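J.: The following comprises the amino acid sequence and a computationally predicted model.
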Amino acid sequence: MKTYIVGNWKLNFTVGEASIYLHKLLRKTSNYRGIEVVVAPSAIALQPLSLQIDRHKMKLCAQNAFYRDYGAFTGEVSFSQLRGLVDYAIVGHSERRYILGENDKMIAKKIAAAIRNKIRPILCIGETESERAFGETADVIRDQLTGGLSEVADDDIDKVMIAYEPVWAISSVKGAKLAGPDEIAEAVKIIREVLTNIYGAESAKAVPVLFGGSVSSSNAGAYLTVPGVNGLLIGGASLILSEFTDIIEVAKRVKE
Ligand code: 13P
């Protein structure tokens, strides 16, 4: 399986800044065999960056989109409008769940809309600090996975990617802590068990599982060698060109 290095720029960079950053990143990046580099800028930058990006080197990802294709939904951008512009879309990020009130039902519809529009969804799941403290981690993972995938047919599970992002490990969360390799391995094991129960062992094995939460060039190697982890979803560090390119280099070395 490929290794996926995904940079989630969140609400950062103007369109101009995003374009300059992408320009520099493209210059510093080659076409790595076995590594898929993906960047997720703000929605407003997707169209211009889709003209600028070299798809042999990296792919474009939306941070979110709406589940209906068109209609009276003021302010929304649909997956059908993004069709052809992006290859991936982040769905169900914890910032959308907890700041913007997205629930598993909406997330399930978004996953279905992405697949319908030939965009590969990256379904984000992960427990909060208090859920972990109460011993609910496994239940949260199970609920968010089964909820988010409730509209995904057997034939379509190979189009989905999962990102395990424990909320307490995200750098912007107050008092964020680094997740340990064992904690991640345990969560990934549960994720594969759930996928196996729903879709069978063979399909479950083929679904890429990424880790996200305070990933930097200094811990990327440790996280990429956690059993069952197929890539990284990077927030803060993806905004720093040297950090992001160093993480790609680490991924290359781990792959070799
Ligand atoms: P950080 O890498 O800044 O912790 O963000 C992780 C994240 O939320 C990526 O989607």
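T.: Yep, that arrived.
J.: What residue, apart from its backbone neighbours, is nearest whichever residue of the stretch 151-256 of the chain sits closest to the ligand spatially?
T.: Across the stretch 151-256 of the chain, no residue is closer to the ligand than Gly235, which sits at 2.2 Å (Cβ to the nearest ligand atom). C-betas here are computed from N, CA, C, even on glycine. Residue nearest to Gly235 in three dimensions, not counting chain neighbours: Asn8, with 5.2 Å by Cβ to Cβ, 6 or more residues apart in numbering.
J.: roughly how far apart are the one you found and the ligand?
T.: Look at Asn8 and the ligand: by Cβ to the nearest ligand atom, to the nearest Å, they are 4 Å apart.
J.: if I look at that residue, how far off is Leu224?
T.: Asn8 sits 17 Å away from Leu224, going by Cβ to Cβ, to the nearest Å.
J.: who has more neighbours, the two?
T.: Asn8 (25 against 22; other Cβ atoms under 10 Å).
J.: give me every residue that touches the more buried one.
T.: Ala40, Cys61, Gln63, Ile90, His93, Gly212, Leu233, Ile234, Gly235, Ser238 (Cβ atoms under 8 Å, 6 or more residues apart in numbering).
J.: of those residues, buried ones?
T.: Ala40, Cys61, Gln63, Ile90, His93, Gly212, Leu233, Ile234, Gly235, Ser238 (16 or more other Cβ atoms under 10 Å).
J.: Over to the last one. Which of the three states is it?
T.: Under the three-state scheme (DSSP: H, G, I helix; E, B strand; the rest coil), the conformation of Ser238 reads as helix.
J.: Thought Gly7 was touching it, still the case?
T.: Yes: contact criterion Cβ atoms under 8 Å: Ser238 and Gly7 qualify, at 3.0 Å.
J.: wouldn't the residue of the stretch 151-256 of the chain closest to the ligand be in contact with Gly212 here?
T.: Yes: using Cβ under 8 Å, Gly235 is in contact with Gly212, at 7.0 Å.
J.: Around the ligand, pick out the residues from the chain.
T.: Neighbours of the ligand within the chain, by Cβ under 6 Å from any ligand atom: 8, 93, 165, 170-172, 212-215, 233-237.
J.: Next step: these restricted to strands.
T.: Asn8, Gly212, Leu233, Ile234 (DSSP state E).
J.: So what's the residue count around the closest residue to Arg83 other than its chain neighbours?
T.: Nearest residue to Arg83 in three dimensions, chain neighbours excluded: Asn117, at 4.3 Å (Cβ to Cβ, 6+ apart). As a burial measure, Asn117 scores 18 neighbours (other Cβ under 10 Å).
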